[in-house]
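1. Got a sequence here, can you build the structure:
(one chain, ligands or ions: 1)
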Amino acid sequence: MTQRALTTVTRYAILLNDAGLWGLSHHRGVSFCLCLVYVIVICDDKGKGKSTMGASAIEIRGLRKTYAGSAKSPPKEALKGVDLDIPAGSVFGLLGPNGAGKSTLINILAGLVIKSAGHVTIWGFDQDVNPRQSRAAIGVMPQELNLDPFFTPRAALEVQAGLYGVPKSQRRSDEILRLVGLEDKAEAYARALSGGMRRRLLLAKALVHSPHVLVLDEPTAGVDIELRQMLWENIRKLNREGMTIILTTHYLEEAEEMCDEIAIINHGAVVARDSTANLLARMDARTMIVVPEAAPKALPEMEGIRADRRGDGTIALTYHAGQTRAEDVLDAVRAAGIGIRDLRTEQADLEDVFLKLTQSA
Ligand code: ADP
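-> Numbering: from 1, shown residues only. As a prediction, the model looks like this:
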């Protein structure tokens, strides 16, 4: 009975999400029913199902997702067979340009999107065999601010704890509010909170059931420096206490600062996966822009340097800082008989790095 009810509720939630109507499920009555059924089922299910936990917090094999098409748009293959192991205890970064498939991947981990094929194991629990245990092992801080405006932060955490079947005696609402710096807003309505405070509340909600794995979807997109520092500190603290952290980000700086390991996703496939230090070493492409005194007859030729003429009359010289010195690039320009009127450099942007890694993968 409860199994069937959970399946129905889960399907309902997933269908809404797949149809982009997730907001509807936040209707008070619907939220309450969802809560109730989850509590019954999670409590009912405790102790069943075995974890086969190894060194990986998450194991993903052959993961595929194709979103159904509509009259106006064809089906979209968002994940094309992803294999990924995320080590327990790590801070793991998922990087990729817009539309790469990052949200699809973490929504599958969170049980909000149904995969088309493949296997996902969270904290040793196969998602298909032990869906509730695998879901209880993970907490997700979503990107969008999907908070009920009529709940206070404390009430929001209590409801969330109820949703996960955390007994009253084990709830840590005030401790979590303190962690995210919202203790003095515990009784304020969510609609009265600033954008930054709402984001912290989302983090707090992801923590109520003390998950082993915390997923943060673009945690610092559009937040100010102060809040970003605070979120980073919180994340580091949780990681020191043993929580495995997965974060998606556009920002190379964030990945560099926070992550032990990084996977880069592009067009639904993992194109690189390495330690942060190794990946950054591969991301040392530089572009020097030379404004010549006169239109050059020939371009510089030297191993390790690629020279391109740009439409504005400048010459773009691309090289790897780890292999070629800026001085060698300038020597090659002079050797080609080109006088330098002006000079500037461009850092490789993430988009270029993705392209490069896609080509070399
Ligand atoms: P990212 O998080 O890296 O920006 P997404 O996982 O959101 O990427 O999207 C991957 C691809 O799947 C994109 O092309 C996106 O347009 C498409 N997509 C995402 N959600 C849906 C959906 N509900 N229906 C159809 N296509 C979708």
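2. The residue nearest the centre of the chain: which element?
-> With distances taken as CA atoms, centre = their mean, the residue of the chain nearest its centroid is Thr248 (1.7 Å). Thr248 belongs to strand 244-249 when assigned by DSSP states H and E.
3. Give me every residue in the stretch 1-150 of the chain lying close to the ligand.
-> For the stretch 1-150 of the chain, the contact set with the ligand under CB under 6 Å from any ligand atom comprises 18, 20, 67, 76, 78, 96, 98-104. Yep, even glycine has a C-beta here, placed from its N, CA and C like the rest.
4. and those, which are buried?
-> By neighbour count, with 16 or more other CB atoms under 10 Å, those hold 78, 96, 100-104 as buried.
5. now these as a markdown table including pLDDT and secondary structure?
-> Listed next are those as a markdown table, based on pLDDT from 0 to 100; DSSP: H, G, I helix; E, B strand; the rest coil:
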| residue | pLDDT | secondary structure |
| --- | --- | --- |
| Ala78 | 97 | strand |
| Gly96 | 84 | coil |
| Ala100 | 90 | coil |
| Gly101 | 93 | coil |
| Lys102 | 92 | helix |
| Ser103 | 91 | helix |
| Thr104 | 94 | helix |
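6. Show me how far stretch 312-324 is from its chain's centre.
-> Averaged C-alpha coordinates place stretch 312-324 at 32 Å from its chain's average position (CA atoms, centre = their mean, to the nearest Å).
7. Just the buried residues of that stretch, please?
-> 314-315, 317-319, 324.
8. contacts for it?
-> Contact with stretch 312-324 is made by 281, 284-292, 295-296, 299-300, 304-310, 329, 332-333, 338, 346, as judged by CB atoms under 8 Å, 6 or more residues apart in numbering.
9. switch to 6 Å and redo it
-> Residues outside stretch 312-324 that contact it (CB atoms under 6 Å, 6 or more residues apart in numbering): 284-291, 304-308, 310, 329.
10. Same check on stretch 186-202?
-> Residues contacting stretch 186-202 (CB under 6 Å, 6+ apart): 141, 145, 147, 149, 151-154, 177, 180, 182, 223, 227.
11. Do you have the strands of the stretch 251-361 of the chain handy? List them.
-> Assigned by DSSP state E, counting those that start in this stretch, the stretch 251-361 of the chain shows strands spanning 261-266, 269-275, 285-292, 306-309, 315-320, 340-347.
12. Pull the second one out as CSV, backbone CA atoms only.
-> Going back to what we said before, that points to strand 269-275. Extracted C-alpha coordinates of strand 269-275, given in CSV (Å, rounded to 0.1, in the frame of the first residue of the first chain):
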residue,chain,number,x,y,z
ALA,A,269,29.2,13.4,-21.9
VAL,A,270,32.1,13.6,-19.4
VAL,A,271,35.0,15.0,-21.4
ALA,A,272,37.6,15.2,-18.6
ARG,A,273,37.9,14.0,-15.0
ASP,A,274,41.0,14.6,-13.0
SER,A,275,42.3,16.2,-9.8
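13. Can you give the strand pairings for it, parallel or anti for each?
-> strand 261-266 (antiparallel) (DSSP bridges).
14. check whether the partner strand contacts the ligand.
-> No. Looking at strand 261-266 against the ligand by CB under 6 Å from any ligand atom, there are no contacts, and the closest approach is 6.6 Å.
15. Just the C-alpha atoms of that strand, please, in PDB.
-> Only the C-alpha atoms of strand 261-266 are listed here, as PDB (Å, rounded to 0.1, in the frame of the first residue of the first chain):
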ATOM      1  CA  GLU A 261      38.500  16.600  -8.100                       C
ATOM      2  CA  ILE A 262      36.600  17.900 -11.200                       C
ATOM      3  CA  ALA A 263      34.600  16.300 -14.000                       C
ATOM      4  CA  ILE A 264      33.900  18.400 -17.000                       C
ATOM      5  CA  ILE A 265      30.700  17.700 -18.900                       C
ATOM      6  CA  ASN A 266      30.000  18.800 -22.400                       C
END
